[in-house]
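Student: What follows is a predicted protein model with its sequence.
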Amino acid sequence: MNNGILIILSGPSGSGKDTVLNELVKNREDIKISVSMTTREKRQDEIDGYHYYFVDRDYFERKISEDKMLEYAEYADNYYGTPKAPVDEMLSNGKAVILKIEVQGAEKIRKLYSDVISIFLMPPSMRVLEERLRARNTEDEETINHRLVIAREEMKKAPEYDYVVINDTVENAVAGIETIIKSERLKTARNKKKISEVINNV
Ligand code: 5GP
């Protein structure tokens with residue numbers, strides 16, 4: 001993985017992952033967000049190639065069979081997955097790479113990369129989560145209810161993550177993630193080369 005740090009950020013739909021991540025990467029070249037591929041319909045305010053690569057099921061399945069996906073999962077009747085090549089490249093350039101993925105994808109990544117850092121972004125309450133989903137005004141009632149049921153199940157997996165960040169305000173959530181990245185960069189295991197360079201006067 002070279003000097004890069006691979007980070008999983010999970011949290012239910014409506015937990016505010018996009019808002020928090022957009023704020024986090026502002027003016028930061030050292031943190032990158034992986035752009036996922038999905039078969040879900042593009043929402044009105046979304047940009048292809050920035051929020052997701054929007055593709056059809058045939059294309060997605062071809063990428064799976066060509067082994068081009070680091071992981072993928074089916075979520076609310078759509079495929080979502082992480083293209084492998086860009087993540088490897090960003091890691092080899094020493095970046096902290098954030099995968100914004102749901103809990104099944106997180107489990108797969110943990111098996112592939114033992115030193116991955118996982119963060120669960122929690123809404124402060126179920127009520128706030130529901131309000132946020134409704135305020136987004138992009139999904140119908142049935143989809144919102146479906147997502148709330150999935151959200152509850154996903155949040156039961158939070159204890160499996162290394163860190164939990166409560167998104168009560170964007171500032172607090174961003175500060176939490178920044179602290180995690182800063183501490184991870186200082187871990188002894190990630191600095192063995194530096195230690196021996198100093199000792200050996202390189
Ligand atoms: P949404 O439709 O709200 O954009 O995303 C639905 C869920 O899919 C979210 O929990 C999001 O984190 C997850 N997701 C987005 N991209 C990926 C991906 O590449 N892999 C996996 N496993 N989940 C993803």
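Tutor: Right, received. Where do you want to start?

Student: who in the protein is up against the ligand?
Tutor: Residues of the chain lying close to the ligand by C-beta under 6 Å from any ligand atom are 13, 36, 40, 71-73, 75, 80-82, 100-102, 104-105. C-beta coordinates here come from the backbone N, C-alpha and C atoms, glycine included.

Student: let's see it at 8 Å
Tutor: 9-14, 17-18, 34, 36-38, 40, 43, 51-52, 71-73, 75-76, 78, 80-82, 99-106, 108, 147, 154 (C-beta under 8 Å from any ligand atom).

Student: In strands, which of the residues you listed fall?
Tutor: Applying DSSP state E to those, the entries found in strands are 9-10, 36-38, 52, 71-73, 75, 78, 80-82, 99-100.

Student: Please tell me which one of these counts the most neighbours.
Tutor: Sorting these by how many neighbours each has (other C-beta atoms under 10 Å) puts Ser10 first, at 26 neighbours.

Student: can I assume that residue is in contact with Glu107?
Tutor: No - shown here, Ser10 and Glu107 do not form a contact pair, counting by C-beta atoms under 8 Å, at 10.0 Å.

Student: what does the model give Asn2 for pLDDT?
Tutor: pLDDT recorded at Asn2 is 55.

Student: Number of residues surrounding Phe54?
Tutor: Around Phe54 there are 17 residues (other C-beta under 10 Å).

Student: Which one of the residues in this protein is closest to the ligand?
Tutor: Across the chain, no residue is closer to the ligand than Gly105, which sits at 2.3 Å (C-beta to the nearest ligand atom).

Student: which residues does that residue contact?
Tutor: 8, 71-73, 80-82, 99 (C-beta atoms under 8 Å, 6 or more residues apart in numbering).

Student: run the last query once more with 6 Å
Tutor: 71, 73 (C-beta atoms under 6 Å, 6 or more residues apart in numbering).

Student: quick one: pLDDT of it?
Tutor: 93.

Student: Strands of the protein, start to end?
Tutor: With DSSP E as the criterion, the chain has strands spanning 5-10, 31-33, 36-38, 52-54, 69-75, 78-83, 96-100, 117-122, 163-166.
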